[in-house]
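Q: Provided below are the primary sequence and the corresponding predicted coordinates.
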Amino acid sequence: MNKTVLLWFVLLSVPCVAQDRIWLDNGNPVQAKLSRAMDSKLEWIAADGIPRVYHRKRFLVVFASSGQFMVISELNESASKAQTQIEAFYKAPPRNISQDIIVKSVPLTVITGTISYESDEVINYMTIEGNPASINKEEVATVIYRDGHHEILRDVVDVAPLLALAHKEIEKKEMEIVRRDQEKPKVPEPAKKVQPQIPKEPVKPFLTDTEYKEYSQKGIRRVDEFTSYLRIIGDKTMKSEEKNKAVQQALSLFEPQATVAVSSAKGVKKYPVKEYLNRLKLLPYSKINITWNEVKYVSELKQEADGNYYGIIAGQQVFEGFAANGKVAYGDITKKNIRVKLESYQKTIDGKDTVNWEVLLGNIGVETNEGQ
C-alpha cells in the first residue's frame, strides 16, 4: 500500500471537537477543508497541507468548525458557481447559537433545545420554552451542538440527503433562536446555581496490552475466515447445502447492517452482505478463487465513546473466475478496506460476571480497481 493511501486512513481518526470536517462516501470524517471546485471533481486539503482531488460523488457533506454545513448535492454543477459557494461557506460569520440542534430521522424534524444529559441511548434536553424533553438516539440522525461540533449518529450516506432536506428549516430555526435571544430581557444571574444531578455512566471496559494484541490479530483472522467462505460460496462443485451453510457462517462474522462495496465499469455500488454473498453464488464461473494480500491495519483499534473499539484493516483482494476449461475467464485486483468492531459483552461463569469481547466485521469499502 502506498504512502498516500496509508495517510488517508490515518487522517480518518479525528477527535470529536469543533473543527472543519469532510464526510466521504466510505462513512468516515476527515479533518479537512474544500479548496477548489472543478467540473466533476473537488480539491480538498487535510491537516498535512497536501491538496488532493477526488470525484464529487466521493464527498457527502462538509461541516465548518462553527457548525455550519454544506451538503455536496447542493453545490452548483458549474465549477465557477460551486467555487463561489465554497468560498462563501468558509467566510460565513460565526453562528452564535445558544441552543443545540437535533435532527430527527422519521419523521424528518428539526428540534431545538439545550442538551442537559446525553448517554449512548438517550438525549435529555430543555426546549426553547423551558420544558424538559427526551429523545432516543436511535431516532436521531445528527446533532449540531451550540459550540460548533457535531455528531452523525447514523450512516452518513443516509444522513446527507436528510440534511439537504432539512437545511432551510435548520437555518430558519437558528434565526429564530438568535432573534429570541436578542429580544430576551437581561436577567441578573443568581448568586449560586444548583446544578442538576447527572447520573454517572458505567465504567467502560478496556483491553489490557495482552488482550489488545490478541484481538488485533483476531481481526486479521476474521478477514481470512471471510475469504475462505467466499471460495466455498463461489465453487460450482459444492452442494447447495454447503454453500448456504457458508453464507450463514460468513454472515455471523459481520455487524447486521454491514455492506460490501463492489466496483465495476459503472462505478461503485454497495450491497448488504447477505445480498452480496447470494450474488456471488450466481456468478457464471465454474470456480472462484479469492485471496487477500498485504492484509494489515491502517487505522489501529481505538476505543470510542460507546466503549467499543474500532479500527480499519486494508488489503489487496485478488479475484479470479475460472471457465469450465480451467482457465481464468476474468480477474481483477482491488484495494479494499474493512471496518473492524470489537464489542464487549458480559458472560456469567460460576455465578460471576466477566467481560468478553466479540470481533465483528463492518462495511467493506473499495479504494482502487485494476482490471485484468
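A: Okay, I see it.

Q: and E87, what element?
A: According to DSSP states H and E, E87 maps onto helix 79-91.

Q: please apply the same query to G315.
A: strand 309-322.

Q: what's that strand packed up against?
A: For strand 309-322, the helices and strands in contact under the criterion 3 or more Cβ pairs under 8 Å, 6 or more residues apart in numbering; DSSP states H and E are helix 3-10, helix 209-233, strand 287-303, strand 328-349. C-beta coordinates here come from the backbone N, C-alpha and C atoms, glycine included.

Q: need those in JSON lines with mean pLDDT and distance to N26, can you?
A: Listed next are the helices and strands packed on strand 309-322 as JSON lines, based on pLDDT from 0 to 100; distance: least, Cβ to Cβ, whole Å:
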{"stretch": "helix 3-10", "mean pLDDT": "41", "distance to N26": "10"}
{"stretch": "helix 209-233", "mean pLDDT": "89", "distance to N26": "17"}
{"stretch": "strand 287-303", "mean pLDDT": "87", "distance to N26": "12"}
{"stretch": "strand 328-349", "mean pLDDT": "86", "distance to N26": "7"}
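
Q: want to throw those into JSON lines with distance to W23?
A: Formatted as JSON lines, those follow (distance: least, Cβ to Cβ, whole Å):
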{"stretch": "helix 3-10", "distance to W23": "14"}
{"stretch": "helix 209-233", "distance to W23": "24"}
{"stretch": "strand 287-303", "distance to W23": "16"}
{"stretch": "strand 328-349", "distance to W23": "15"}
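
Q: any stretches of the chain with poor pLDDT?
A: Along the chain, segments meeting pLDDT under 70 span 1-18, 186-194, 197-202, 368-372.

Q: the longest helix in it is where?
A: helix 156-183 (DSSP state H).

Q: what comes up buried for that helix?
A: V156, V157, V159, A160, L162, L163, A164, A166, I170, K173, E174, I177 (16 or more other Cβ atoms under 10 Å).

Q: let's have those residues in JSON lines, adding distance to L108.
A: Formatted as JSON lines, the buried residues of helix 156-183 follow (distance: Cβ to Cβ, whole Å):
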{"residue": "V156", "distance to L108": "16"}
{"residue": "V157", "distance to L108": "16"}
{"residue": "V159", "distance to L108": "11"}
{"residue": "A160", "distance to L108": "13"}
{"residue": "L162", "distance to L108": "6"}
{"residue": "L163", "distance to L108": "10"}
{"residue": "A164", "distance to L108": "11"}
{"residue": "A166", "distance to L108": "6"}
{"residue": "I170", "distance to L108": "11"}
{"residue": "K173", "distance to L108": "13"}
{"residue": "E174", "distance to L108": "17"}
{"residue": "I177", "distance to L108": "19"}
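
Q: a strand runs through V268, doesn't it?
A: Yes: counting by DSSP: H, G, I helix; E, B strand; the rest coil, V268 is found in a strand.

Q: just to revisit the earlier point, what is the longest helix of the chain packed up against?
A: Checked by 3+ Cβ pairs under 8 Å, 6+ apart, helix 156-183 has strand 59-63, strand 69-71, strand 100-104, strand 109-118, strand 140-144 packed alongside it.

Q: ok, which of these comes nearest N356?
A: Distance to N356, taken as Cβ to Cβ, is lowest for strand 109-118 among the helices and strands packed on helix 156-183, at 27.1 Å.

Q: need the contact list for V247.
A: By Cβ atoms under 8 Å, 6 or more residues apart in numbering, the contact set of V247 is Y229, I233, K274, L277, N278, K281.
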